[in-house]
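[1] Next one to model:
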Amino acid sequence: MASTETKSDAAVKEHDGLGGLEAGLDALESSVAGRSSFGTTFRQKILPPLVAAVVVLAAWQALITFKIVDDPTKLPSPSAVWSEVENAWLQGTLLDYIWTSVSRGLLGFLFALVIGTPLGLVVARVKFVRAAIGPILSGLQSLPSVAWVPPAVIWLGLDNSMMYAVILLGAVPSIANGLVSGVDQVPPLFLRAGRTMGATGLRGTWHIVMPAALPGYLAGLKQGWAFSWRSLMAAEIIASSPDLGVGLGQLLENGRNASSMPMVFLAIFLILFVGIAIDLLIFSPVERWVLRSRGLLVKG
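    Below is the predicted model of the structure:
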């Protein structure tokens with residue numbers, strides 16, 4: 001009888017211990033998954049870039065104030081650049097500069113996405129195509145985008161089709177190679193499990209290969225956008241025409257022709273601003289979603 005009670009007590013204690021452990025894990029998960037306060041978000045994500053921007057502006061102004069660089073034709077003051085921003089805003093051209101380039105860049109990137117994704121899948125899955133086209137894609141990816149501007153102008157003339165051609169030639173190899181790299185990293189066990197469950201052909205590609213290759217594919221997309229934006233800026237700087245309008249690259253070239261360093265700095269800052277904004281608004285949320293779906297980032 002005493003032995004039975006002892007076993008019963010031990011079972012109760014073991015159950016209580018497991019229950020306590022489960023409750024502790026639930027509490028830990030709840031505390032980790034809870035939404036961060038605004039103060040924590042501000043300190044961790046907003047304050048660091050603000051501090052960096054203030055330090056850069058302070059160092060920039062110090063170069064002007066202490067006459068370390070006293071030639072405004074080489075380094076304009078922050079106030080001179082801000083005056084250029086105000087003038088462009090009052091004239092109603094600031095947003096036009098940005099929209100002209102952003103609309104071209106995003107549309108060209110979408111075209112590159114439509115072409116580069118199936119091309120990357122074919123190269124990754126068909127050995128003959130990979131042996132034939134793989135080295136060409138790698139070579140095209142290493143070729144500077146500015147090299148495509150002169151032949152694109154000769155072939156297509158000074159219009160938007162020339163811009164899109166340069167973007168495609170710069171971005172498609174990066175997107176395709178990124179997807180090829182992602183497919184190469186898919187564990188063979190996933191493919192065998194998919195075939196066992198009947199996921200073959202296009203179904204296997206959609207349900208097995210693409211989700212498993214998503215991290216590499218996303219890296220290729222980010223690099224493809226970087227190449228798209230750089231290719232577009234090179235095309236806008238070199239090829240100028242009234243029919244093309246004034247984008248950020250053309251604004252940079254106009255500043256050089258006018259020897260206006262405030263205009264040059266304005267164009268540089270706008271190009272940088274657009275690149276950061278696209279990354280924060282599009283690629284960073286997608287990247288967080290991918291990491292979260294794989295348990296590598298806690299939602300919070």
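
[2] From here on, just use CA atoms for contacts and neighbour counts.
    Will do.

[3] Poorly predicted segments of this structure, please.
    Filtered on pLDDT under 70, the chain yields the residue ranges 1-36, 38, 296-300.

[4] give me the number of residues near residue 51?
    Residue 51 has 11 neighbouring residues, counting by other CA atoms under 10 Å.

[5] Residue 236 too?
    Count around residue 236 with other CA under 10 Å applied: 24.

[6] likewise residue 172?
    30.

[7] now do the one 4 residues further on
    Neighbourhood size, residue 176 [other CA under 10 Å]: 31.

[8] Now do the same for it: helix, strand or coil?
    helix (DSSP: H, G, I helix; E, B strand; the rest coil).

[9] Secondary structure element holding the residue nearest to it when sequence neighbours are not counted?
    Excluding its sequence neighbours, the residue lying closest to residue 176 (CA to CA, 6 or more residues apart in numbering) is residue 120, at 4.0 Å. Secondary structure assignment for residue 120, by DSSP states H and E: helix 94-125.

[10] Backbone dihedrals for residue 199, please?
    phi -90, psi 90 (degrees, to the nearest 10).

[11] residue contacts, it?
    Residue 199 makes contact with 205, 207, 208 under the criterion CA atoms under 8 Å, 6 or more residues apart in numbering.

[12] okay, now the closest residue to residue 246 other than its chain neighbours: neighbour count?
    Sequence neighbours aside, residue 97 is the residue nearest to residue 246 in space, at 6.0 Å (criterion: CA to CA, 6+ apart). Neighbours of residue 97 under the rule other CA under 10 Å: 20.

[13] From what I see, residue 97 and residue 252 are in contact.
    No - using CA atoms under 8 Å, residue 97 is not in contact with residue 252; the gap is 10.5 Å.

[14] Name the nearest residue to the residue nearest in space to the middle of the chain, ignoring sequence neighbours.
    Relative to the mean C-alpha position of the chain, the nearest C-alpha, by CA atoms, centre = their mean, is the one of residue 222, at 3.7 Å. Leaving out its chain neighbours, the residue that sits closest to residue 222 by CA to CA, 6+ apart is residue 283, at 6.9 Å.

[15] who's in contact with residue 254?
    residue 263 are the contacts of residue 254 under CA under 8 Å, 6+ apart.

[16] helix or strand for it, which one?
    Counting by DSSP H and E, residue 254 is part of helix 248-257.

[17] buried ones in that helix?
    Of all the residues in helix 248-257, those buried under the rule 16 or more other CA atoms under 10 Å are 248, 249, 250, 251, 252, 253, 254, 255.

[18] now do stretch 124-134
    Residues 124, 130, 134 are the ones in stretch 124-134 that count as buried (16+ other CA under 10 Å).

[19] Please give me every residue in contact with the closest residue to the first one other than its chain neighbours.
    When you say that, I think you mean residue 124. With CA to CA, 6+ apart as the criterion, residue 124 has its nearest non-adjacent residue at 5.0 Å, and that residue is residue 180. Counting by CA under 8 Å, 6+ apart, residue 180 touches 120, 121, 123, 124, 217.

[20] re the thing from before, what's the helix holding residue 120 packed up against?
    The helices and strands touching helix 94-125, judged by 3 or more CA pairs under 8 Å, 6 or more residues apart in numbering; DSSP states H and E, are helix 78-90, helix 127-142, helix 160-184, helix 214-238, helix 248-257, helix 261-278.

[21] Please work out which of those helices is packed deepest.
    helix 160-184 (a mean of 26; mean count of other CA atoms under 10 Å).

[22] what's the angle between that one and helix 94-125?
    Interaxial angle of helix 160-184 relative to helix 94-125 (axes from the mean of the first three to the mean of the last three CA atoms, to 10 degrees): 40 degrees.

[23] what's the angle from helix 160-184 to helix 127-142?
    Going by the same axes, to 10 degrees, helix 160-184 makes 120 degrees with helix 127-142.

[24] Tell me the backbone dihedrals of residue 72, please.
    Torsion angles, degrees, to the nearest 10, at residue 72: phi -70, psi -20.

[25] number of nearby residues for it?
    Residue 72, neighbours per other CA under 10 Å, totals 13.

[26] Quick check: closest non-adjacent residue to it.
    Counting by CA to CA, 6+ apart, residue 72 lies nearest to residue 261, which is 7.7 Å off, once chain neighbours are set aside.

[27] Also residue 241?
    residue 158 (6.6 Å).
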